[in-house]
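Asks: Kindly generate the corresponding structure for this input.
(chains A and B)
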Amino acid sequence: MDGLLQISPGLIIWTLVNFSLYLFILAKFGYKPLRSALEQREQTIADSIRSAEQARAEAQRLLTEADEQRKRAHAEMVELLRDARQQAERIVAKAAEEGERVKQEKLQEAEREIERLVADARATLKREVAELALQVTQKLLAQQLDGELHRRVVEQSLAQLEHTN
Amino acid sequence: MEEAGAYRLVKGHVVRASDGRAPALDLSVTNLVVFQWIGMLLVIGLFFLAGRRYRRAPLAPPRGIQNALEAVVVYIRDEVVRPNLRSERLVRAFMPYFVGLFCFILVLNLLGLLPGMHTATGSIGTTAALAITAFLVINGLAIREVGIKGWLHHLLGGAPVYLAPIMVPIEILGLFTKPFALTVRLFANMSAGHIILLSLVGLIFYFRSIFVAPMSIGFSIFIYLLETLVCFLQAYIFTILTAVFVGLALGDHADDHHGHAVSAS
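Replies: Alright, predicted model coming up:
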């Protein structure tokens, strides 16, 4: 223990013995629980991180999926709306067309009816005029059926009547 | 021992009572041995204290002394052992050695700072014994891992075979200089601080003046704080150099670069 640089074999041997004993106890009883706890904790943390990562990925996937679904539904809705509008327009157009057609038909019918009525009226008028003429002629004949002149007139009118009829 | 009869203490030396000569082997339990015991008990006690908490709640966040020990252990594992011992199997197997080495040196260093205590690591016997364990670990591990042939091949230091006459002696010398450097570095660092402290205090008595005392004490406090840093630093350096030497001895087989220039204070 005097000289600073003196190497004492006793101290070396004691240190070796002490240090070996110390290492043995430390490794066996001191370090092991610490190591196993550390490993356990590191394992747990790694597992937690991994599962959190997975959950995050899953959530992300679900979110994308929902978003996609929403977009799809929106597109579908827009499509439906457009279809409905087109259909409504078509129906309106068709109805207008139909109305027009019916109107035309009615008009034509009315025209035909009018023509028929006109023809009817004309025929009736003609008959009545003929009858009237006949009556007038009869009356005239009854009063003035004398003389050659009258006879000729009667004949002429008769001829004319025959001609017209 | 003086009373035991067989040996006597003469001027601090143990001598045989019969012929007054030094014994072949002096195994007396000196104060340094006792300080080693105290250090051992302290470290083991701390680990036991922390271990109790681990058994109770292994997943709970670490607290107090447990947290401090864990920080040390994880630091040594991730920064000292893992980068040098590439295989996880070796890391697992040798972590207790490195943790134990670090804690042992650190506690002995710090014990030496307490008033009335001695620094066990400030004696060349202690550091030599620690370096012997490092030597055994370095070469034992290398021989076991790369085989005796690989170990011998490593003595070439990666040089071509025709350089063997030069390289082999150098490398063999290197085998012993590494632990020798470890021995002297730790011993010298720990002793130096104490010698400076002693010298500074001694100045007061040398000058026989009370006016030197403020300066002496001021510097002493500075050196004392510096020594506190050195305690941690030297424990770390001893540990990491041992790890680096193990890594070098494992050599290419641990896919390590072949750098031999490892210098440290």
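Asks: CA only for contacts and neighbour counts going forward, please
Replies: Noted.
Asks: So what's the residue count around the closest residue to B:E88 other than its chain neighbours?
Replies: In space, and not counting its chain neighbours, B:E88 is closest to B:R82: 7.5 Å by Cα to Cα, 6 or more residues apart in numbering or on different chains. Summarising burial for B:R82: neighbours were counted as other Cα atoms under 10 Å in any protein chain shown, giving 19.
Asks: Isn't B:R82 up against B:R92?
Replies: No. Between B:R82 and B:R92 there is no contact under Cα atoms under 8 Å: 9.5 Å.
Asks: Spit out the residues that contact the two alike.
Replies: Taking Cα atoms under 8 Å, 6 or more residues apart in numbering or on different chains as the contact rule, B:R82 and B:R92 touch no residue in common.
Asks: Tell me the buried residues in stretch B:99-117?
Replies: Under the neighbour-count criterion of 16 or more other Cα atoms under 10 Å in any protein chain shown, stretch B:99-117 has B:99-113 buried.
Asks: rewinding a little: next, give phi and psi for the residue nearest to B:E88.
Replies: Main-chain dihedrals, B:R82, degrees, to the nearest 10: phi -60, psi -40.
Asks: B:G251: neighbour count?
Replies: B:G251 has 21 nearby residues by other Cα under 10 Å.
Asks: how about it, secondary structure?
Replies: helix (DSSP: H, G, I helix; E, B strand; the rest coil).
Asks: and the gap between it and B:S87?
Replies: 13 Å (Cα to Cα, to the nearest Å).
Asks: Kindly report the same for A:R101.
Replies: Taken as Cα to Cα, the span from A:R101 to B:S87 is 96 Å.
Asks: ok, B:S220 - contacts?
Replies: Here B:S220 is in contact with B:197, B:200-201 (criterion: Cα under 8 Å, 6+ apart).
Asks: mind checking which helix or strand it is in?
Replies: helix B:213-250 (DSSP states H and E).
Asks: and what of B:L27?
Replies: Per DSSP H and E, there is no helix or strand for B:L27.
Asks: remind me which residues of chain B are low pLDDT?
Replies: Counting by pLDDT under 70, the ranges of chain B that qualify are B:1-5, B:12, B:20, B:23-24, B:58, B:252-265.
Asks: so where's the longest helix in it?
Replies: helix B:164-207 (DSSP state H).
Asks: Just list what it packs against, helices and strands only.
Replies: If contacts are counted by 3 or more Cα pairs under 8 Å, 6 or more residues apart in numbering or on different chains; DSSP states H and E, helix B:164-207 sits against helix B:124-154, helix B:213-250.
Asks: quick one: it to helix B:213-250, angle?
Replies: 170 degrees (axes from the mean of the first three to the mean of the last three Cα atoms, to 10 degrees).
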